[in-house]
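1. Next one to model:
(4 chains)
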Amino acid sequence: MKILYFAGLRQRIGVGEEEIEPPPEIVDVAALIGWLRRRGPDFAEALADTSAIRIAVDQEFAAMDTSLAGAREVALFPPMTGG
Amino acid sequence: MKILYFAGLRQRIGVGEEEIEPPPEIVDVAALIGWLRRRGPDFAEALADTSAIRIAVDQEFAAMDTSLAGAREVALFPPMTGG
Amino acid sequence: MTIRVQREDFDVGAEIAALSAGNHRIGGLTSFTGLVRNMGASLGAMTLEHYPGMTEKMLAAIDAQAHERWPLEASLIIHRYGRLEPGDRIVLVITASPHRDAAFDSCRFLIDWLKTKAPFWKLEESADGGERWVAAKASDDHAAARWAKNEG
Amino acid sequence: MTIRVQREDFDVGAEIAALSAGNHRIGGLTSFTGLVRNMGASLGAMTLEHYPGMTEKMLAAIDAQAHERWPLEASLIIHRYGRLEPGDRIVLVITASPHRDAAFDSCRFLIDWLKTKAPFWKLEESADGGERWVAAKASDDHAAARWAKNEG
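-> The predicted structure is shown next:
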């Protein structure tokens, strides 16, 4: 599964894109974020406040309970500031 | 006093601009319109419905009771359709 | 802060560029272009008559009012008169502000006002060769009236 | 009906002209241009990051939604990314309709949406040589939310 990080999240984690293979019990977005947090202090800190994180699964906005079944690309990023 | 007529009013009256000298008792817009109506059937018909007439005195919008004291230019026209 | 009443066409892009050039306080710029559209039944061509002198005076006054109500960095109103055909530009309103809401609101305020309060009249040519004066629309009066509610 | 996400600048006048050329059903055309403004405290320069692929997909979807909600004859969204300086254009939205209310409402709907829902992020350069990510504004969320009320 490809994971993308954007903007401040990318900077805090220090990675923009990576390939991960989470264990089979990681079935939804909430579980994935929990699993990512345990990968190290940068992840734990950057992903601590889920209210400040927006998620897209295969380029569609997703919620904490969105299933990851069949997902190929998950993106995590802060609230958008375009326009 | 210069009188201007625009758009449909000008067409019905057949005059775009004229110099008039109303008698001294014509002190406001209402009196002027009454006086103009008595100048002929085209005037009477064109000025019959005052709800469909807009008035400007010296290029400022005016009402039926606007005074004509010192007025040099009075314009009569239908509701505007610009933009 | 610029008002033009003219027979000639105008260049929207050039006007927008001139209005915003070098002003780094502008965050948002809204433009509205009104065009002659072909209504199907009528031929669509029309002649715009106006009240020379009063028109310019009123446009300057409403433009000043927009600058009082919103924090505008620049504004432009161009209104054409004379004979126009389908696809021809009639009117251009541009407003620029640090804030996009102010740019949008002031632009709409000005065009709503122009529709009902500026001394212009449209004479439409119909398919049978006749002509008719366009009647004022109640919907335009309502659009202009919504701004009056907020007047100080 | 046209979406562009690009590093390059754009020509507002040329885009407006291309959008309306030959379409005599257009009565009103609204454009909104967003520019980088100099905020005083910061230097004003910024870098816009986006999510390639998702951005284009989302812009196409919101544009389609605008066409469902309003009778639009044409529309255009251009959003830039990369480093931009004060006075540079960031975003352009153009909508054209037979009716001016539809042109205004749809243009504002699109820019309100872009501010909060399109995957773009602004990194500002500050006067001391540092950088900071622009925080999302509650006022932008409110602006976007007012359109949701009317959703069917």
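2. Please count neighbours and contacts with C-alpha atoms only from this point.
-> Fine.
3. Which of the three states applies to the residue lying farthest from the centre of chain C?
-> When distances to the mean C-alpha position of chain C are computed (CA atoms, centre = their mean), the maximum falls on C:Asp128, with 29.7 Å. Following DSSP: H, G, I helix; E, B strand; the rest coil, we place C:Asp128 in the coil state.
4. Look up how far chain B lies from it.
-> Distance of C:Asp128 to chain B, given as CA to the nearest CA, to the nearest Å: 19 Å.
5. Now for that residue: which residues touch it?
-> Under the criterion of CA atoms under 8 Å, 6 or more residues apart in numbering or on different chains, C:Asp128 has no neighbours.
6. Flag every buried residue along stretch C:68-85.
-> Buried residues in stretch C:68-85, counted by 16 or more other CA atoms under 10 Å in any protein chain shown: C:70, C:72-81, C:84-85.
7. Now cross-check the residues you listed against chain A and list the overlap.
-> Among the buried residues of stretch C:68-85, no residue is within reach of chain A (CA under 8 Å from any CA of the partner chain).
8. Please name the bridge partners of C:Ser126.
-> C:Ser42 (DSSP bridges).
9. If we go by neighbour counts, what in the strand or helix carrying A:Gln11 is buried?
-> Assigned by DSSP states H and E, A:Gln11 belongs to helix A:7-13. Going by neighbour count (16+ other CA under 10 Å), the buried part of helix A:7-13 is A:Ala7, A:Gly8, A:Leu9, A:Arg10, A:Ile13.
10. Could you do stretch C:23-39 as well?
-> C:24-38.
11. now, which of the residues you listed lie close to chain D?
-> Among these, proximity to chain D is found for C:24-38 (CA under 8 Å from any CA).
12. ok, back up a step: mind giving me TSV with the buried residues of helix A:7-13 and columns for distance to chain C?
-> Converted to TSV, the buried residues of helix A:7-13 look like this (distance: CA to the nearest CA, whole Å):
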residue	distance to chain C
A:Ala7	22
A:Gly8	24
A:Leu9	27
A:Arg10	28
A:Ile13	32
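13. from those residues, which is closest to A:Arg37?
-> Nearest to A:Arg37 among the buried residues of helix A:7-13 is A:Ile13, at 10.5 Å by CA to CA.
14. Quick check: the closest one touching A:Asp42?
-> Yes: here A:Ile13 reaches A:Asp42: they are 5.4 Å apart, a contact under CA atoms under 8 Å.
15. For the closest residue to C:Glu125 other than its chain neighbours, grab the count of nearby residues.
-> In space, and not counting its chain neighbours, C:Glu125 is closest to C:Glu131: 4.5 Å by CA to CA, 6 or more residues apart in numbering or on different chains. Residues within reach of C:Glu131, counting by other CA atoms under 10 Å in any protein chain shown, total 15.
16. Same check on C:Leu59?
-> Around C:Leu59 there are 26 other residues, counting by other CA under 10 Å.
17. Give me the three-state assignment for it.
-> Note that with three-state DSSP, the state of C:Leu59 is helix.
18. surely C:Thr116 meets B:Pro78?
-> No: assessed by CA under 8 Å, C:Thr116 is found out of contact with B:Pro78, at 11.0 Å.
19. State the distance from the residue farthest from the centre of chain C to C:Gly82.
-> Computed with CA to CA, to the nearest Å, the distance linking C:Asp128 and C:Gly82 is 21 Å.
20. Sort the ones next to chain D among the buried residues of stretch C:23-39 by pLDDT and name the bottom one.
-> Among these, C:Asn38 has the lowest pLDDT, at 86.
21. residue contacts, that residue?
-> Going by CA under 8 Å, 6+ apart, C:Asn38 touches C:Gly44, C:Ala45, C:Pro86, C:Gly87, D:His24, D:Arg25.
22. Widest-spaced pair of those residues?
-> C:Ala45 and D:Arg25, at 13.1 Å, using CA to CA across those.
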